[in-house]
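# the sequence and its predicted three-dimensional model are supplied below.
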Amino acid sequence: MADKRDYYEVLGVDKSADDAALKKAFRQLAKKYHPDVNPGDAEAEKKFKEIQEAYAVLSDPDKRRQYDQFGHAAFEGGGMGGGGFDFSGMDMGDIFGDIFGDFFGGGRRSADNGPRRGANLRASIRITFEESIFGCEKELEIVLKDECSTCHATGAKPGTSPETCSKCGGKGKVMYSQQSLFGMVQNVQTCPECHGSGKIVREKCPDCHGSGYIASKKRIKVTVPPGIDNGQSIRIRDKGEPGTNGGPRGDLLVEVNVSRHPIFQRQDMNIYSTAPISYAQAALGGEVRISTVDGDVLYEVKPGTQTDTRIRLKGKGVPSLRNKSVRGDHYVTLVVQVPTGLNEEAKEALRKFDAATDNSLKVDKTGAEKPKKKSFKEKIKESFEDFS
Ligand SMILES: [Zn+2]
Ligand SMILES: [Zn+2]
């Protein structure tokens, strides 16, 4: 993985390339390096796989966002990575149907009946905002298929055994020739008789009805890493569909849905919120209590703090998926509260306060112009603070 090329470089597009540009670049490269055009050329096949992988990631908005943020690391890591996903097990059918359907006649190559890895399964869990910040353990109930112990996945009734398919001679696939843009091409199709298994079961196993597998509910423990974001997936190895012909199981990909928080909002690694402060606190300064994901903190507000002043609480944001001791920041917008429901004593104090400052309550009946005050917007600009 170390010398993996940048996906944008692989496709020869720049980072701002839109869907159409990506598709065009992929189409051109795929035509050039497609194995059907370069039979037996290992280098071309390697290139073809590389561009396939690059396109699979960049053409998916979620994966592209993860790749832009974390690079190749976004799709690595044993079960804990940020939204890991697997290329070997992924279905390229959509891309091929889309790109090659018109000139390859839609004929997809399929693997022979050797060991095949099982398909990946998908599931989702919902967690709270706090759980997404600090990580958690969840249990998930899924239906998993296991080898039938009666027939050992052959699907044949005990005492009988599957016969070799006569249509494909046990290969599980049949070849046929087809005219294409590049002349005659040999296409491979899954055997319609045995559906690729190479074997025909005459008498079915009574326990699994010939499928070779038995499904049962299983409880799976999911370890959610600190810092996971809404929509990212966790990979759990070997909890997918069983492989065939001795192949390994696929993986389980668990998508994480994070519930909204009443106060906090997240953007990448930072948290945003607003906090009320009283008029007196804003004018005189002093300590105010501010909620963070780590609990309340006391923050010293400067005298003369205007409403909408934004402050930064360093290191109170979201932990990095790679290293939980590295954290983003928490930005808090202070909102000055205008007092309501004043009693007579408070009203009188406020009148006295006004007389001692602007004297704004006295209506000027002479029509003389008062000195022009700064606009609200100008004040906001001046008061913007960023405690870096
Ligand atoms: Zn069975
Ligand atoms: Zn067959």
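Yes, it's here. Ligands and ions are numbered 1, 2, ... in the order given.

# phi, psi of residue 146?
Main-chain torsions, residue 146, degrees, to the nearest 10: phi -130, psi 160.

# can you list the residues of this structure near ligand 1?
Residues of the chain lying near ligand 1 by Cβ under 5 Å from the ion: 148, 150-151, 205, 207-208. Every residue, glycine included, has its C-beta placed from N, CA and C.

# most neighbours among these, please name it.
residue 151 (24 neighbours; other Cβ atoms under 10 Å).

# measure the most centrally placed residue in the chain to residue 132 for me?
With distances taken as Cα atoms, centre = their mean, residue 232 lies nearest the centre of the chain, 2.9 Å away. Separation of residue 232 from residue 132 (Cβ to Cβ, to the nearest Å): 9 Å.

# now for these two: what residues contact both?
residue 256 (Cβ atoms under 8 Å, 6 or more residues apart in numbering).

# burial measure for residue 237, as a count.
The burial count for residue 237: 14, using other Cβ under 10 Å.

# ignore what I typed, I meant residue 262.
Neighbour number of residue 262 under other Cβ under 10 Å is 6.

# would you mind listing what in this protein touches ligand 2?
So far as Cβ under 5 Å from the ion goes, the chain lies against ligand 2 at 165, 167-168, 191, 193-194.

# that older thread, kindly reformat the residues of the chain next to ligand 1 as CSV containing secondary structure.
Shown next, in CSV, are those (DSSP: H, G, I helix; E, B strand; the rest coil):
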residue, secondary structure
148, coil
150, coil
151, coil
205, coil
207, coil
208, coil
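
# in TSV: those, plus pLDDT.
Listed next are these as TSV, based on pLDDT from 0 to 100:
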residue	pLDDT
148	91
150	91
151	89
205	93
207	92
208	92
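
# from the residues you listed, which single one is nearest residue 199?
Using Cβ to Cβ, residue 151 is the member of these that lies nearest residue 199, at 12.0 Å.

# next SSE after the lowest-mean-pLDDT helix or strand in the chain?
Of all the helices and strands that make up the chain, helix 93-99 has the lowest average by mean pLDDT, DSSP states H and E, namely a mean of 41. Toward the C-terminus, helix 93-99 is succeeded by strand 121-127 as the next helix or strand (DSSP states H and E).

# mind listing what that next one pairs with, with the direction of each?
strand 252-258 (parallel) (DSSP bridges).

# count the residues that sit near residue 315.
Residue 315 has 14 neighbouring residues, counting by other Cβ under 10 Å.

# how about the one 3 residues further on?
Residue 318: 26 surrounding residues under other Cβ under 10 Å.

# distance of it relative to residue 20?
Counting by Cβ to Cβ - residue 318 and residue 20 are separated by 34 Å.

# what of residue 209?
48 Å.

# and the two? Which one has more around it.
Legend: neighbour count by other Cβ under 10 Å for residue 209 and residue 20, higher for residue 209 (12 against 8).

# phi, psi of the more buried one?
phi 60, psi 30.

# what of residue 274?
phi -120, psi 150.

# who does it form a beta bridge with?
Going by DSSP bridges, residue 274 forms beta bridges with residue 333.

# and it, what does it touch?
332-335.

# then residue 346?
Residue 346 neighbours (Cβ under 8 Å, 6+ apart): residue 339.

# in the stretch 201-350 of the chain, which spans are helices?
Under the criterion DSSP state H, counting those that start in this stretch, helices of the stretch 201-350 of the chain are mapped to 279-284, 344-356.

# next one: the stretch 51-200 of the chain
For the stretch 51-200 of the chain, helices defined by DSSP H, counting those that start in this stretch occupy the ranges 61-70, 93-99, 129-134.

# buried ones in the last one, by neighbour count?
Buried residues in helix 129-134, counted by 16 or more other Cβ atoms under 10 Å: 129, 131-134.

# and stretch 219-231, end to end?
Stretch 219-231 stretches 22 Å from its first residue to its last (Cα to Cα, to the nearest Å).

# before we move on, what about stretch 328-347?
43 Å.

# now do stretch 49-69
23 Å.
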